[in-house]
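> model the following, please.
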Amino acid sequence: MSKVLVYAAMSLDGYIAGPDVSHDHPMGVDGARLHEWMFGEHVDPADRVITKAVSADTGAVVLGRRTFDVGLAHWEDVPYPAPSFVVTHETRPDLPQKSGTFAFVPGVEAAVERAKAVAGDRTVTVMGADIQRQALAAGLVDEVLISLVPVLLGAGAKLFDGLPPMAFTGPVTHVRLGTA
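Numbering: from 1, shown residues only. As a prediction, this is how the structure comes out:
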């Protein structure tokens, strides 16, 4: 049985994207700083282990329409090599890519259901702040994996904004950082 994962790179002040997300700034203004540890010039081998493991275990993706709209030109493919379900109110035909197909689905519950059906025993990875919040609020998420990035963005999209109180399993995590 597949599990549903919310995976996000998060700033110390809780943002998973900067403000003013657009085609020119798909992660928002200064939001690309959240992914430098993944895609920058000097990627730590330990970080690469995490990203490779998430990618290898992803059997399907659920993402929001805005994430699709601003990400497609940069990915030039599906975000992970797996079928991808875009939550949207717009009816449109499937969009085949090199490594999978985008299917367009009306509602996060339906998208997660379809993603789980094709993921088998692999993970359904949920992308995009709004869709991640909707999935969390609907109780559809089994795990949350946060890569805490030592930057402050000051504005943007927060993963947990507007969610009801909820508890997660696992121990407390202690983070000690020096200032630059």
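> make it CA atoms for all contacts and neighbour counts henceforth
OK.
> L140 contacts K3, doesn't it?
No: L140 is beyond contact range of K3, at 9.2 Å (criterion: C-alpha atoms under 8 Å).
> how about the closest residue in space to H35 that isn't next to it in sequence, phi and psi?
Leaving aside its sequence neighbours, H35 sits nearest to A9 (C-alpha to C-alpha, 6 or more residues apart in numbering; 6.9 Å). The phi/psi pair for A9 (degrees, to the nearest 10) reads phi -90, psi 130.
> look up which residues are beta-bridged to A9.
Beta-bridge pairing for A9 (DSSP bridges): S147.
> pull the number of nearby residues for it.
Neighbourhood size, A9 [other C-alpha atoms under 10 Å]: 21.
> packing partners of the lowest-mean-pLDDT helix or strand in the chain?
Using mean pLDDT, DSSP states H and E, the weakest-scoring helix or strand in the chain turns out to be helix 36-39, at a mean of 88. Applying 3 or more C-alpha pairs under 8 Å, 6 or more residues apart in numbering; DSSP states H and E, we find helix 36-39 packed against helix 45-57.
> tell me which other helices or strands the helix it packs on touches.
So helix 45-57, by 3+ C-alpha pairs under 8 Å, 6+ apart, packs with helix 36-39.
> contacts for the helix it packs on next, please.
For helix 36-39, contacts defined as C-alpha atoms under 8 Å, 6 or more residues apart in numbering pick out 43-44, 47-48, 51.
> want to throw the residues you listed into CSV with distance to P96?
As requested, the contacts of helix 36-39 are exported to CSV (distance: C-alpha to C-alpha, whole Å):
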residue, distance to P96
V43, 31
D44, 33
D47, 30
R48, 28
T51, 24
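> next, the nearest residue in space to A138 that is not next to it in sequence: secondary structure please.
Counting by C-alpha to C-alpha, 6+ apart, A138 lies nearest to E109, which is 7.9 Å off, once chain neighbours are set aside. Look at E109: counting by DSSP: H, G, I helix; E, B strand; the rest coil, its state is helix.
> before I go, just wanted to say thanks for your time.
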